[in-house]
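S.K.: what's the 3D shape of this:
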Amino acid sequence: MSMNTKVVINFDTKLFKKEHIILAAQDYTEPCWVLVDGSEDSVSAILIPKDGEIEKEELKDEFYNYVLATVKNY
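M.R.: I've put the predicted structure just below:
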């Protein structure tokens, strides 16, 4: 994976609150830089890997887990 590769994950705000995605992004800063943007209907998390060795699907799965843990804990 190239260092310039970014992964975009879209979340439906009917299922996930923007606050949960932001909290997950704050916790997920070791492997990636994370940008969060969106509207009332959809929120996007843009993951930019710090290490070029991380697989795209692995990033998505890990970030989803962080978001789900945030939903469960808050």
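S.K.: can you give me the strands in the protein?
M.R.: Ranges of strands within the chain are 7-12, 32-38, 42-49, based on DSSP state E.
S.K.: and the second one, what other elements does it pack with?
M.R.: Under the contact criterion of 3 or more C-beta pairs under 8 Å, 6 or more residues apart in numbering; DSSP states H and E, the helices and strands touching strand 32-38 comprise helix 18-27, strand 42-49, helix 56-73. Every C-beta, even on glycine, is put in place using the N, C-alpha and C of the backbone.
S.K.: list the buried residues of that strand.
M.R.: For strand 32-38, burial by neighbour count (16 or more other C-beta atoms under 10 Å) applies to C32, V34, V36.
S.K.: ditto for the shortest one
M.R.: By 16+ other C-beta under 10 Å, the buried positions in strand 7-12 come out as V7, I9, F11.
S.K.: run through the bridge partners of the first one.
M.R.: Going back to what we said before, that points to V7. V7 has these beta-bridge partners by DSSP bridges: L47.
S.K.: again, but for the last one
M.R.: Partner residues in beta bridges with F11: V43, with DSSP bridges as the criterion.
S.K.: let me know the pLDDT of it.
M.R.: For F11, the pLDDT comes out at 97.
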